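>>> Quick one: sequence plus predicted model below, questions after.
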Amino acid sequence: MIGVMGAGAFGTALAISLTGNGPVTLWARDRTHIDEMRIAGENARRLPGTALPDTLRLSADIDELQHATIVLLAVPMQKLRTVLTEYAPNLAGKTLVACCKGVELETLQGPVQVITETVPDAVAAILTGPGFAHDIAKGLPTAMTLACADALAGGALQDRLSTANLRLYRTTDTIGSELGGALKNVMAIACGAAMGAGLGESARAALMTRGYAEMQRMAQAVGARAETLSGLSGFGDLTLTCTSEQSRNARFGLSIGRGEDFDASVTVEGAATAQAVQARARALQIDMPITDAVCGLTNGQLRVDQAMNNLLSRPLKEEKC
């Protein structure tokens, strides 16, 4: 059996897709939410309009996951450690697959590192890349990256988690896969802010390209493989997230550019990630001006015009990563 912890849009979509491979249990802490889904036959809060398969088991009881050998962790990055610490005895010895993207603010660690610290006898992996929840739930073709340092475990996971519409490519580079998924959210906020402020498609293209250069610089500094960032978990996810309003991070950036309020109940991983990445970049002496700009935008220290002026006034240079 496969378990999914977290009944947000992405966790629900994965659970729906995986029911085609066998028994799946979707767990959420909020019992009221689970009851609502049972009655409505859909996740009206997070994934409205998509019917839940009759074979999908819904539960608010963590003991229901005791028979799951694989558990997908579809919880926000900044809550991952808390959830894993609380339920570590229930998750010991299982294969745990992070389905969140970001960097933990307090430790500057990625999700695989958090899993390894909190549940040390688990096999840790991460599922990341360009996949929107609604597309996966509707059965639309999607390709993503599955990263696991243990090559044999990664191959077995690839077989268990690939579905008719969800094609997974595996890698052992968990560091690069974590970084690609985290940093693209930061760049999406920048691109959304530019579009919201009416700066145009050319500005967005420039931010995506130079943002990708920042991603590569950070990846190289921490030992990731360059080819990982050029794949689905890096370039692929960057492209999707920066160009679609389905992206929460891009929508958040749009609201900044337009001077509008944003729904505080919507998780925006890129805002916290920008702060964590900025701290890590400074410690490593890596130049990441777009990340710095996003930090200024999200903490209210910069307006969009000021951030763009800062970027445009930087010294002219040869185009290198």
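Arrived safely, thanks for sending. Residues are numbered from 1 along each chain as shown.
>>> Please count neighbours and contacts with C-alpha atoms only from this point.
Noted.
>>> bridging residues for G3?
For G3, the beta-bridge assignment (DSSP bridges) gives partners T25, V71.
>>> And the pLDDT for it?
If you check G3, the pLDDT there is 98.
>>> ok, now which ones touch it?
The contact partners of G3, taken as CA atoms under 8 Å, 6 or more residues apart in numbering, are V24, T25, L26, W27, L65, A68, T69, I70, V71, L72.
>>> Could you check how far it is from A250?
Distance of G3 to A250, given as CA to CA, to the nearest Å: 30 Å.
>>> same check, this time on V4
26 Å.
>>> got it, and R81?
Taking CA to CA, one finds R81 at 26 Å from A250.
>>> ditto for K184
10 Å.
>>> what do you get for A92?
Shown here: A92 relative to A250, a distance of 36 Å by CA to CA.
>>> What about D61, how many residues nearby?
Neighbour count of D61, defined by other CA atoms under 10 Å: 12.
>>> pretty sure it contacts D30?
No - the criterion here is CA atoms under 8 Å, and D61 misses it with D30 at 9.7 Å.
>>> Now for Q66: which residues touch it?
Each residue near Q66 by CA under 8 Å, 6+ apart is listed here: N90, L91.
>>> Quick check, pLDDT for it.
The per-residue pLDDT reported for Q66 equals 95.
>>> Ok, S265 next?
Reported pLDDT at S265 in the predicted model: 88.
>>> Neighbours of it, how many?
The burial count for S265: 6, using other CA under 10 Å.
>>> just the one 10 residues further on next, same as before
Using other CA under 10 Å as the criterion, Q275 is surrounded by 23 other residues.
>>> Next: G198.
G198 has 13 nearby residues by other CA under 10 Å.
>>> Backbone dihedrals for it, please?
Phi and psi for G198, reported as degrees, to the nearest 10, are phi 80, psi 30.
>>> What of L56?
Per degrees, to the nearest 10, the backbone of L56 is at phi -80, psi 120.
>>> Which residue comes closest to it once chain neighbours are left out?
Using CA to CA, 6 or more residues apart in numbering and skipping the chain neighbours, the partner closest in space to L56 is V24 (5.7 Å).
>>> can you pull the contacts of that neighbour?
Listed by CA under 8 Å, 6+ apart, the contact set of V24 reads M1, I2, G3, V4, A15, L18, T55, L56, R57.
>>> if I look at it, how far off is I70?
With distances taken as CA to CA, V24 is found 10 Å from I70.
>>> shared neighbours, the two?
The contact sets of V24 and I70 overlap at M1, I2, G3 (CA under 8 Å, 6+ apart).
>>> residue ranges with poor pLDDT in the stretch 201-321 of the chain?
Applying pLDDT under 70 to the stretch 201-321 of the chain flags the ranges 321.
>>> Do you have the helices of it handy? List them.
Shown for the stretch 201-321 of the chain, the helices assigned by DSSP state H, counting those that start in this stretch span residues 201-221, 226-229, 237-243, 248-258, 269-284, 289-298, 304-312.
>>> got a list of contacts for the fifth one?
In this case it means helix 269-284. Under the contact criterion CA under 8 Å, 6+ apart, helix 269-284 has outside partners 76-77, 101-106, 108, 182-186, 188-189, 218, 221, 249, 287-288, 291-292, 294-295, 298.
>>> Over to the last one?
Counting contacts by CA under 8 Å, 6+ apart, the residues outside helix 304-312 that touch it are A193, A194, A197, I256, G257, P289, I290, A293, G296, L297.
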